[in-house]
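Asks: only geometry, no sequence info:
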Ligand SMILES: [Zn+2]
């Protein structure tokens with residue numbers, strides 16, 4: 001009898017040990033939707049009429065002081081948000097398809113290990129997608145690791161197509177991870193300048209598009225199990241960017257949804273590649289040695 005009890009306890013101990021070894025920690029959320037707003041500078045948020053975005057800042061966690069990597073142009077900044085590495089490693093210093101200088105830490109696809117790459121390695125069947133208005137953004141996602149990609153031509157001709165394409169994809173596929181890129185604010189910045197009435201008008205229009213994409217997440221029935229992120233690559237100074245002025249290098253970051261602190265202002269410093277590290281934390285992904293980002297303290 002005593003012997004039987006001993007074996008039973010020993011078996012339970014071994015079983016318990018195996019369980020904890022094989023158990024993968026549960027994802028913080030079942031879906032992460034990133035909406036990237038090209039050329040969305042922090043400078044516009046004080047006076048700007050963007051009711052939905054401002055409501056979501058209260059609904060979740062945010063900072064208005066996320067730093068760009070240098071230079072403050074699109075390529076290196078979208079790349080860093082998705083590949084977790086500083087420019088010194090990625091070599092992505094401009095908007096060209098190829099890195100400006102020799103990169104290190106490349107995968108078998110001759111690309112930086114992006115979030116899409118990590119997900120493909122750890123979750124080969126996971127649905128991941130990119131829907132973008134600036135097609136070149138696809139240079140920074142490692143397309144071989146993406147389930148779905150769609151670039152929309154001529155967004156200025158039909159600015160609602162980004163909403164329609166994103167909504168269709170989200171409702172049909174309910175992706176684990178999706179990156180949506182909206183280019184309109186960058187066009188307004190280049191065309192009319194930082195501080196212009198036209199830029200502010202475009203901000204309000206983009207705010208509506210963001211809301212309609214979030215409505216699609218709700219219609220897909222996955223909103224309660226999702227984390228949604230708004231981010232940006234750079235601001236503007238006058239009608240250009242690429243320099244080091246505060247208007248160019250400070251951009252907002254907003255995150256809300258399942259497991260995210262509400263009404264929380266992120267006070268610690270944040271730089272673009274921290275976004276990749278924060279998303280990796282949501283899915284408990286193993287990050288490569290070349291990654292330098294820090295997950296933000298936004299989780300409940
Ligand atoms: Zn840009």
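Replies: Sure thing, it's come through. As the structure is a prediction and not an experimental result, all values here were calculated from the model.
Asks: How about the contacts made by whichever residue of the stretch 51-200 of the chain sits closest to the ion?
Replies: Nearest to the ion in the stretch 51-200 of the chain, going by Cβ to the ion, is residue 74, at a distance of 3.1 Å. C-beta: built from backbone N, CA, C; applies to glycine. Residue 74 makes contacts with 38, 95, 134, 136-137, 186, 233-234, as judged by Cβ atoms under 8 Å, 6 or more residues apart in numbering.
Asks: center of the protein - which residue?
Replies: In the chain, the centroid-proximal residue (Cα atoms, centre = their mean) is residue 34; its distance is 4.2 Å.
Asks: What segments of the protein are strands?
Replies: Taking DSSP state E to define them, one finds strands in the chain at 31-37, 61-67, 128-132, 148-151, 177-182, 226-231, 250-257, 264-265.
Asks: winner for burial among these?
Replies: Of all the strands of the chain, strand 177-182 has the most neighbours on average by mean count of other Cβ atoms under 10 Å, namely a mean of 27.
Asks: In its sheet, which strands sit next to that one, and in what direction?
Replies: strand 31-37 (parallel), strand 128-132 (parallel) (DSSP bridges).
Asks: What sits closest to residue 148 if chain neighbours are left out?
Replies: With sequence-adjacent residues excluded and distances taken as Cβ to Cβ, 6 or more residues apart in numbering, residue 148 is closest to residue 129, at 3.9 Å.
Asks: Who does the one you found form a beta bridge with?
Replies: Legend: beta-bridge partners of residue 129 under DSSP bridges are residue 148, residue 178.
Asks: Is it in contact with residue 176, as I believe?
Replies: No: assessed by Cβ atoms under 8 Å, residue 129 is found out of contact with residue 176, at 9.3 Å.
Asks: what sits up against stretch 196-204?
Replies: 40, 44, 47-50, 184-185, 187-189, 191-193, 236.
Asks: Can you tell me which of those are buried?
Replies: Buried residues within these, counting neighbours by 16 or more other Cβ atoms under 10 Å: 40, 44, 48, 50, 184-185, 187-189, 192-193, 236.
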